[in-house]
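Undergrad: build me a model:
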Amino acid sequence: MSTIFEDTKTAFALKSDAELERAYFLFKMIKSEPLVRIGTAITNFALKAHLPVEQLIRASVFDHFCGGVDEKDCLDNIEKMYEYHVHSVLDYSVEGKEAENQFDLALEKTLQNINFAKEKGSIPFAVFKPSGFGRFNLYEKVTAGETLTEEKQGDWGRVVKRFDTACKAAYDKDVCLLIDAEESWMQDAADDLIESMMEKYNTEKAIVFSTLQMYRWDRLEYLKNLHQKAEAKGYKIGMKLVRGAYMEKERERAKEKGYPSPICKDKATTDENYDAAIEYMLTGQGLSLYAGTHNELSTLKAMELAVKKGLTKDNDTIWFGQLYGMSDHITYNLAKEGYNVSKYMPYGAVRDVMPYLIRRAEENTSVAGQTSRELSLLKKERTRRKKQGRL
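TA: Sure, this is the predicted structure:
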């Protein structure tokens with residue numbers, strides 16, 4: 001079974017020769033930490049100085065990791081992937097906003113994407129980030145148990161209303177809604193909100209999905225406790241499992257503030273934690289899994305456990321997902337085998353999506369094995385095409 005991920009012809013079938021070369025170049029750049037640091041600094045300076053670099057960014061890193069600048073711009077990529085049985089999850093990836101009208105826009109985009117998902121078989125989920133619906137420091141205050149001023153209470157009430165509006169729309173349209181996880185020091189507030197939405201809208205099946213970052217050593221216990229609560233109260237759990245996206249920031253803050261790091265001690269422990277959560281999700285009752293992973297071994301484990309549970313490959317309680325622009329060898333080969341699989345497809349104005357793209361480059365740099373694997377597969381496909389006289 002493990003050999004299915006070596007099929008680069010299937011993995012890169014959608015990439016033209018030029019796109020394959022661009023991908024190889026980008027991952028070569030990302031592999032170099034000094035180049036990423038320099039490139040990030042130059043890009044931030046150019047954008048702040050309003051230099052005309054957006055077209056250059058769009059033609060390189062943006063078009064590789066993002067589907068487009070708006071929903072319509074993404075449609076061509078969505079339909080091309082769907083021809084290969086790969087679904088899409090439209091992700092409005094604008095981060096770090098502070099104004100209420102920007103949070104209202106994020107809600108509007110989420111509602112639009114719920115409607116898209118209802119209309120198109122190629123889009124099985126909608127998604128949003130908690131900080132897309134409210135200020136990060138407000139979640140932080142609620143998580144810390146601080147007493148909110150009357151103004152902040154009003155702000156929090158609007159956050160709760162946005163959550164409920166999105167979740168009710170998903171329920172009414174029968175569209176599953178993924179809610180991303182963020183930094184640990186704001187996550188409890190988001191978790192409590194999401195749990196209340198699950199209790200309200202997941203009575204018949206999982207509509208609202210939370211996200212667990214399994215590089216946190218406490219998340220498996222959280223999952224088990226949540227499952228017990230859900231069984232007692234009679235609602236279903238939808239959960240996206242990922243390894244995590246803020247490791248360095250988490251460790252630095254824990255050191256600075258003098259509290260134990262919430263992050264597993266090493267990658268091996270994180271892998272064990274992730275796989276244990278996969279096993280729990282696939283052996284328990286009333287649980288729907290979205291396995292967000294670029295790890296081949298974890299993917300294989302989930303496939304094997306699904307077989308043991310007697311689930312068909314296309315059972316709607318198990319989905320696999322990878323980020324657009326990464327791990328095509330997993331995505332397209334899973335789709336070819338008949339599994340439910342999707343690409344998280346970020347989109348938004350080039351300038352607004354840059355924080356996401358910079359974070360993505362930094363994360364890939366810190367996970368050397370991932371970048372090396374991408375490069376080796378791209379190199380293998382380049383060699384295959386050269387033998388055919390294409391490159």
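Undergrad: in this protein, which residue is closest to the centre?
TA: Here the mean C-alpha position of the chain is nearest to the C-alpha of residue 344 (Cα atoms, centre = their mean), at a distance of 5.9 Å.
Undergrad: that one belongs to a helix?
TA: No - note on residue 344: no helix contains this position according to DSSP: H, G, I helix; E, B strand; the rest coil, which reports strand.
Undergrad: how about the nearest residue to residue 74, chain neighbours excluded?
TA: Excluding the flanking residues, the one nearest residue 74 by Cβ to Cβ, 6 or more residues apart in numbering is residue 67, at 3.7 Å. No exception for glycine: its C-beta is placed from N, CA and C like everyone else's.
Undergrad: report how many residues lie close to the one you found.
TA: Taking other Cβ atoms under 10 Å as the criterion, the count of residues near residue 67 is 27.
Undergrad: how about residue 276?
TA: Applying the criterion other Cβ under 10 Å, we find 14 residues in the vicinity of residue 276.
Undergrad: and stretch 62-72, how far out from the chain's middle?
TA: For stretch 62-72, the distance between its averaged C-alpha position and the chain's averaged C-alpha position is 15 Å (Cα atoms, centre = their mean, to the nearest Å).
Undergrad: wait, I meant stretch 181-189
TA: For stretch 181-189, the gap between its own C-alpha mean and the chain's C-alpha mean amounts to 15 Å (Cα atoms, centre = their mean).
Undergrad: alpha carbons only: can I get the longest helix belonging to the chain in PDB?
TA: Secondary structure of the chain per DSSP state H: the longest helix is helix 150-173. What follows is helix 150-173, C-alpha atoms only, in PDB (Å, rounded to 0.1, in the frame of the first residue of the first chain):
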ATOM      1  CA  GLU A 150     -19.200  46.600  28.700                       C
ATOM      2  CA  GLU A 151     -17.600  47.500  25.300                       C
ATOM      3  CA  LYS A 152     -15.700  44.200  25.200                       C
ATOM      4  CA  GLN A 153     -18.800  42.300  26.200                       C
ATOM      5  CA  GLY A 154     -20.500  43.800  23.200                       C
ATOM      6  CA  ASP A 155     -17.600  42.800  21.000                       C
ATOM      7  CA  TRP A 156     -17.700  39.200  22.300                       C
ATOM      8  CA  GLY A 157     -21.500  39.100  21.800                       C
ATOM      9  CA  ARG A 158     -20.900  39.900  18.100                       C
ATOM     10  CA  VAL A 159     -18.300  37.100  17.900                       C
ATOM     11  CA  VAL A 160     -20.800  34.600  19.300                       C
ATOM     12  CA  LYS A 161     -23.400  35.800  16.900                       C
ATOM     13  CA  ARG A 162     -21.100  35.400  13.900                       C
ATOM     14  CA  PHE A 163     -20.300  31.800  15.000                       C
ATOM     15  CA  ASP A 164     -23.900  31.000  15.400                       C
ATOM     16  CA  THR A 165     -24.900  32.600  12.100                       C
ATOM     17  CA  ALA A 166     -22.300  30.600  10.200                       C
ATOM     18  CA  CYS A 167     -23.100  27.300  12.000                       C
ATOM     19  CA  LYS A 168     -26.800  27.800  11.600                       C
ATOM     20  CA  ALA A 169     -26.300  28.500   7.800                       C
ATOM     21  CA  ALA A 170     -24.200  25.300   7.600                       C
ATOM     22  CA  TYR A 171     -26.900  23.300   9.400                       C
ATOM     23  CA  ASP A 172     -29.700  24.700   7.200                       C
ATOM     24  CA  LYS A 173     -27.800  23.900   4.000                       C
END
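Undergrad: okay then, goodbye and thanks.
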